[in-house]
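> I would like to see how this sequence folds:
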Amino acid sequence: MSTFPWPPAPVTHQSADAGAMAALPGCSFSSLMKDENKTLARGLQRRDPKLLDRLIEQYQFRLFRYLVYITGDRTHAEDFFQETWIRVLERGHQYDGKSRFEGWLFAIARHLVIDWQRQRKMQSLDTLTDPDEPHPLQIKDQSKASALEGVISSEQSTQVQNAMGQIAAVYREVLLLRFQEELQIEEIAVVLGAPASTVKSRLYRGLEAFRNTLQPGVV
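Coordinates of the predicted model:
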């Protein structure tokens, strides 16, 4: 099987198709998106290769950025990037179109990483990154450029990157999904496999930590 296109090129969060639909008169954006999701679900059930190519082009940068963050390693992120799209192809029939595709996509990627962690006889990703646990995941030296910073350096200022780097990983993941990937609370809950109340709590604590860490004068 041939590998998927690499490296991913930055893409916008909103597809051209979605932007065109939003401009149609007499139709709400949400209802059109639901129709688009159902069409997407039917295409995945058919294993439409053209549809898969379009999805890879649209979501490749966002998926890779997320994988770099949760693995902390570009090489591992590349491996999981490939495997995630293979799973999308194999399990496309499981997507029912009732929620946004990106939430389902990130959930697949996250589960792959968790399975990898467990195979290494480690605890789950949530436990490793929970600051309340006795042995949280150790974040690499923030004074050096990380793989994640390399991916998003054109999107965020140095001050914001530094502030994010000082927040516990369990909170940074929620902030990333909410404000960079623009997922709703319920969608993040699906990705994390956690209750919405847990997502809200992490989001609140993450925002508080972010505000306290930002240098004066940074909005």
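> Report the contact partners of Phe101.
Contacts for Phe101 (Cβ atoms under 8 Å, 6 or more residues apart in numbering) come out as 37, 40, 55, 59, 95. C-beta: built from backbone N, CA, C; applies to glycine.
> Any idea which of those residues the model trusts least?
Within the set of the contacts of Phe101, pLDDT is lowest for Asn37 (87).
> got a list of what that residue touches?
Counting by Cβ under 8 Å, 6+ apart, Asn37 makes contact with 97-101.
> could you dump those residues to TSV with pLDDT, secondary structure and distance to Arg211?
Supplementary listing: the contacts of Asn37 in TSV, determined by pLDDT from 0 to 100; DSSP: H, G, I helix; E, B strand; the rest coil; distance: Cβ to Cβ, whole Å:
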residue	pLDDT	secondary structure	distance to Arg211
Gly97	88	coil	37
Lys98	86	coil	35
Ser99	87	coil	30
Arg100	89	coil	28
Phe101	92	helix	32
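> burial of Leu183, as a residue count?
Leu183 is flanked by 22 other residues according to other Cβ atoms under 10 Å.
> where's the nearest residue to it once chain neighbours are set aside relative to Val199, distance?
In space, Leu183 comes closest to Leu177 once its chain neighbours are excluded; the distance is 4.9 Å by Cβ to Cβ, 6 or more residues apart in numbering. Distance check for Leu177 against Val199: by Cβ to Cβ, to the nearest Å, it reads 9 Å.
> Please enumerate the shared neighbours of these two.
By Cβ under 8 Å, 6+ apart, Leu177 and Val199 have these common neighbours: Ile188.
> tell me the two of the contacts of Asn37 that are most distant?
In the contacts of Asn37, two members sit farther apart than any others by Cβ to Cβ. They are Lys98 and Phe101, at 10.8 Å.
> helices or strands up against the biggest helix by length in the chain?
Among the elements of the chain assigned as helix by DSSP state H, the one spanning the most residues is helix 49-71. Applying 3 or more Cβ pairs under 8 Å, 6 or more residues apart in numbering; DSSP states H and E, one finds that helix 49-71 makes contact with helix 29-45, helix 74-90, helix 101-119, helix 147-152, helix 169-175.
> In stretch 55-62, which residues are buried?
Neighbour counts over stretch 55-62 (16 or more other Cβ atoms under 10 Å) mark 55-56, 58-62 as buried.
> Those residues into a markdown table, with extra columns for distance to Ala169?
Compiled in a markdown table, those are given as follows (distance: Cβ to Cβ, whole Å):
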| residue | distance to Ala169 |
| --- | --- |
| Leu55 | 28 |
| Ile56 | 27 |
| Gln58 | 27 |
| Tyr59 | 23 |
| Gln60 | 23 |
| Phe61 | 21 |
| Arg62 | 19 |
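> okay, and for this protein, where does confidence drop off?
Counting by pLDDT under 70, the chain shows low-confidence ranges at 1-32, 121-159, 215-219.
> So it: which segments form each domain?
Under the assignment automatic domain parsing, the domains of the chain span 28-124, 136-219.
> Could you check how far Phe101 is from Arg74?
Applying Cβ to Cβ, the value for Phe101 to Arg74 is 25 Å.
> Phe64 now?
Taken as Cβ to Cβ, the spacing of Phe64 relative to Arg74 amounts to 9 Å.
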